[in-house]
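J.: sequence below, structure please.
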Amino acid sequence: MTAPIRVLVADDHTVVRQGIRHVLEQEPGFTVVAEAATGTEALAAAERHRPDVVVLDISMPGESGLTLAARLRDLLPDTRVLILSMHDNTEYVLESVRSGADGYLLKDSAATELRSAVRAVQRGESWFSPAVASRLSAALRGGTAPGALDQLTAREREVLAGVARGCTNKEIAAELGISHRTVETHRESLMRKLGIRTVAGLTRLALEQGLIGR
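T.: Next up, the predicted model:
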């Protein structure tokens, strides 16, 4: 039997924390190991319990969710961070990814989306709410990105852009008019060239190198 995904829920509203706990634990495969109401509490609980995923409110008393995401990335690199926010502003999303978050979920999302998002980031994938993903897609630039991306072919950059938007290999294949296996080949190639093996890492690089506009 697969071990349940261990989750830390950090939000300054008790009702929100309890709601997230209820949504997750009403279905097998999840266990909430701790709750936290402030950034300080969240960091201490994460170090103590070492959860698989931290569901983190972007606005936390004492220490923002963005700052906490960056600290968690450094202290607990195996722990994934899913930002929870009421804001679908593109800059918030970009800052979250730059800070080390693996996903960005809007607070009005359905219960099934929350569970899917937690599963996805736990697997090492990125996850963005549909409204957020649409904004990121609209922000994509054309052209050649500078720096690290110069070593990639045009097709590899297109695949990387798809990854940065949270698309699956099948979705990227359909968008580019190529096979799923070809996308996998390009993805493996760009990972090898860039020395990055995680979706979150690829997304951060795409943002930093200008594949997504600010």
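J.: walk me through the domains of this structure.
T.: 5-135, 140-208 (automatic domain parsing).
J.: and these, which one averages the lowest pLDDT?
T.: Note on the domains of the chain: lowest mean pLDDT is at domain 140-208, with a mean of 79.
J.: deepest of the domains of the chain, which one?
T.: domain 5-135 (a mean of 19; mean count of other CB atoms under 10 Å). Bear in mind the C-beta positions are built from the backbone N, C-alpha and C, glycine included.
J.: tell me which helix or strand V54 sits in.
T.: strand 53-57 (DSSP states H and E).
J.: other SSEs contacting the longest helix along the chain?
T.: Looking across the chain with DSSP state H, the single longest helix is helix 180-194. Under the contact definition 3 or more CB pairs under 8 Å, 6 or more residues apart in numbering; DSSP states H and E, helix 180-194 sits against helix 154-164, helix 169-176, helix 199-208.
J.: circling back to that earlier point, and the strand holding V54, which strands flank it?
T.: strand 5-10 (parallel), strand 80-85 (parallel) (DSSP bridges).
J.: give me the residues contacting the last one.
T.: By that I understand strand 80-85. Strand 80-85 is contacted from outside by 11, 20, 52-59, 65, 69, 72-73, 92, 96, 100-107, 117-118, 121-122, 124, 127, 200, using CB atoms under 8 Å, 6 or more residues apart in numbering.
J.: inside helices: which ones of those residues?
T.: I20, G65, A69, L72, R73, Y92, S96, A117, V118, V121, Q122, A200.
J.: ok, and the closest non-adjacent residue to the third one?
T.: Translated: A69. Once flanking residues are discounted, A69 sits nearest to S99: 4.2 Å by CB to CB, 6 or more residues apart in numbering.
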